[in-house]
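>>> Need a 3D model of the sequence below.
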Amino acid sequence: MKFALSIVALIIAALLIPFLIPGSGEQAGFDPESNLPWQIETDGQGGSRVFGLVPGTSTLDDFVRLHGDDLEVAIIAAPDEVGTLEAYANQAKLGFVLAKVILTVDASPDTVAAMRERALKAEHMESTTRKIRLSQGDLATARGMPLRAISVIPTVNLDEAAVVARFGAPAERLPLGEKRVHLLYPAKGLDVVVDGDGKELLQYVAPKDFELLAGPVRRAAMAQ
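Numbers count the residues shown, from 1 in each chain. This is a model prediction of the structure:
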């Protein structure tokens, strides 16, 4: 019996470890119960706050102030596209959850195109997508620009039941293929992508801008 209980304890620990921040209880000012992915505040006026950030208002500098300076900022562009201005954090502490974070900066196509003209260099990512690094002046400018969207990839896999348990029942459920489904929460400004073959993705915008997320998903679902 003791051996069986030990095995159960080891399994539980293995499941919990990816969620936990090592030594988080010892970090001054760190609260593992705040800024969690499901803690979304809405203001009733089409705005929201998540991870201490207000989509559409908060900036990259605000993210750095709250979550650290481990950010890589670049223009991400597919062939024949101007691209989008994004920042990437390989490991962010969102309460007791560890996650990769992608921040989409609210920059117009003209602004992005001008930054590309002044860019330092471009690198190829997967496929033919290019990562274009900014000049120092444009990097400073980008850090003060508002965030359009916040995307989070947790370090652990989530199934649909776990998502519903944390966020509640979605307003819409849109399957894309046999193992991928989008759970839409317009009142929260949230789209959760549950992927049976890959990592889950949580995408946040201000609720008033929810169609930025939902529109392409609905069109893809209708095309299927």
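>>> so Thr128 makes contact with Asp80?
No: between Thr128 and Asp80 there is no contact under Cβ atoms under 8 Å: 9.8 Å. C-betas here are computed from N, CA, C, even on glycine.
>>> Comparing these two, which shows the higher neighbour count?
Thr128 (10 against 6; other Cβ atoms under 10 Å).
>>> what's the pLDDT at that one?
For Thr128, the model assigns a pLDDT of 77.
>>> Give me the secondary structure label for the nearest residue to it once chain neighbours are set aside.
Using Cβ to Cβ, 6 or more residues apart in numbering and skipping the chain neighbours, the partner closest in space to Thr128 is Pro79 (5.2 Å). Assigned state for Pro79: coil (three-state reduction, DSSP: H, G, I helix; E, B strand; the rest coil).
>>> before we move on, what about Ile150?
Relying on three-state DSSP, one would call Ile150 strand.
>>> For burial, what's the neighbour tally of it?
22.
>>> which ones are touching it?
Val50, Phe51, Leu53, Pro55, Val101, Ile102, Leu103, Thr104, Gln203, Tyr204, Val205 (Cβ atoms under 8 Å, 6 or more residues apart in numbering).
>>> so which of those residues would you say is closest to Val217?
Distance to Val217 across those (Cβ to Cβ) is lowest for Gln203, with 9.7 Å.
>>> Now the closest one: which helix or strand?
Here Gln203, judged by DSSP states H and E, is contained in strand 201-204.
>>> Tell me the neighbouring strands of that strand, and mark each as parallel or antiparallel.
Paired strands of strand 201-204, with direction, are strand 147-154 (antiparallel), strand 190-195 (antiparallel) (DSSP bridges).
>>> Output the lowest mean pLDDT helix or strand found in this protein.
helix 2-16 (a mean of 38; mean pLDDT, DSSP states H and E).
>>> Is the residue most central in space within the chain bridged to anything, and to what?
What sits nearest the mean C-alpha location of the chain, by Cα atoms, centre = their mean, is Ser151, with 1.6 Å. Note on Ser151: beta-bridge partners Ile102, Gln203, judged by DSSP bridges.
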